[in-house]
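Student: Mind folding the following:
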Amino acid sequence: MTRAAAKRVAARACACAALAALVVIGASGLAESYPLARELRWIRGSGQLAFGALGLALCVSPLGALVARLGRGPDPLLLAALRRALGITSACAALLHAALVLSTYLADARSAVLDVPFLRSGALALAILVALLATSFPALVRALHVRLWKELHWLAFPALLLVFHHLLLSPFADRARAVWLAAALLVVGLLRFLPGRRAPPPLV
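Tutor: Numbering: from 1, shown residues only. Got it, this is the predicted structure:
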């Protein structure tokens with residue numbers, strides 16, 4: 001499989017999955033009788049989609065290595081394309097999440113983003129994801145003359161920590177689920193340190 005073909009396959013798969021998730025999120029919100037409950041459904045759903053896509057993007061390499069140890073491993077080009085597509089999905093979902101928050105919950109108090117800890121960590125995570133999104137397109141990287149874009153993509157890890165902090169302090173998040181997801185991500189992440197494996201390339 002060529003690099004371009006791998007990118008097309010991964011992009012289509014992630015786009016279809018994200019679209020299906022958004023349909024479910026939208027329908028669950030519309031099923032609510034009260035506007036506030038409807039908005040919270042959409043806010044939480046878009047945030048969970050962003051968190052899930054980012055976590056999956058960071059799990060692709062260690063899971064791919066584990067599968068390779070059990071037998072024939074997946075195509076490295078497809079893995080790289082899947083990491084990229086999941087990262088783009090996460091950034092887009094995070095932008096949607098922020099837009100929903102700023103237009104509903106914080107419509108009259110947008111300055112609170114810099115004052116409230118969980119909002120501040122969410123905003124920092126969003127800034128990182130937007131930077132990673134911008135450097136996920138080679139033409140844009142060349143236009144911006146970004147030289148260290150591969151190293152920049154390691155910031156996905158602190159972005160995940162900021163998202164976890166955002167979830168733990170948010171009064172609307174499911175903290176128990178966030179803790180379980182973080183534990184699962186940690187276990188998968190530890191696969192990176194298994195012997196006989198080279199360090200994975202950054203998200204592209």
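
Student: Would you mind measuring from R110 to A6?
Tutor: Here R110 is placed at a distance of 40 Å from A6 (CB to CB, to the nearest Å). Backbone N, C-alpha and C define where each C-beta goes, glycine included.

Student: Comparing those two, which residue is more hemmed in?
Tutor: A6 (20 against 12; other CB atoms under 10 Å).

Student: Mind telling me what element the more buried one is part of?
Tutor: helix 3-30 (DSSP states H and E).

Student: what helices or strands is the helix or strand that comes right after that helix leaning on?
Tutor: Counting by DSSP H and E, the next helix or strand C-terminal to helix 3-30 is helix 35-70. Other helices and strands packing on helix 35-70, by 3 or more CB pairs under 8 Å, 6 or more residues apart in numbering; DSSP states H and E, are helix 3-30, helix 76-103, helix 156-169, helix 175-189.

Student: Please identify the most buried of these.
Tutor: For the helices and strands packed on helix 35-70, ranked by mean neighbour count under the definition mean count of other CB atoms under 10 Å, the leader is helix 76-103 at a mean of 22.

Student: and the angle for it with helix 3-30?
Tutor: 30 degrees (axes from the mean of the first three to the mean of the last three CA atoms, to 10 degrees).

Student: Per-residue pLDDT of the residue nearest to the spatial centre of the chain, please?
Tutor: Nearest to the mean C-alpha position of the chain, by CA atoms, centre = their mean, lies L54 at 2.4 Å. As predicted, L54 sits at a pLDDT of 93.

Student: Spit out the contact partners of it.
Tutor: The contact partners of L54, taken as CB atoms under 8 Å, 6 or more residues apart in numbering, are 86-87, 90, 129, 156, 159-160, 163.

Student: quick one: A53 and S90 touch, right?
Tutor: Yes - A53 is within contact range of S90, at 3.7 Å (criterion: CB atoms under 8 Å).

Student: hmm, back to that, same for the helix holding A6, what does it pack against?
Tutor: If contacts are counted by 3+ CB pairs under 8 Å, 6+ apart, helix 3-30 sits against helix 35-70, helix 76-103.

Student: Where among the ones you listed is average confidence lowest?
Tutor: helix 35-70 (a mean of 88).

Student: what's the angle from that helix to helix 76-103?
Tutor: 170 degrees.

Student: Can you tell me how far the residue lying farthest from the centre of the chain is from R41?
Tutor: Each residue of the chain has a distance to the centre, and by CA atoms, centre = their mean the biggest one is for S33: 29.9 Å. Separation of S33 from R41 (CB to CB) stands at 12 Å.

Student: which residues are in contact with both of the two?
Tutor: By CB under 8 Å, 6+ apart, no residue touches both S33 and R41.

Student: Format the helices and strands packed on helix 3-30 as TSV; extra columns: distance to L181.
Tutor: Formatted as TSV, those follow (distance: least, CB to CB, whole Å):
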stretch	distance to L181
helix 35-70	7
helix 76-103	14
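
Student: which one of these lies closest to I25?
Tutor: Ranking the helices and strands packed on helix 3-30 by proximity to I25 (CB to CB) places helix 35-70 first, at 3.3 Å.
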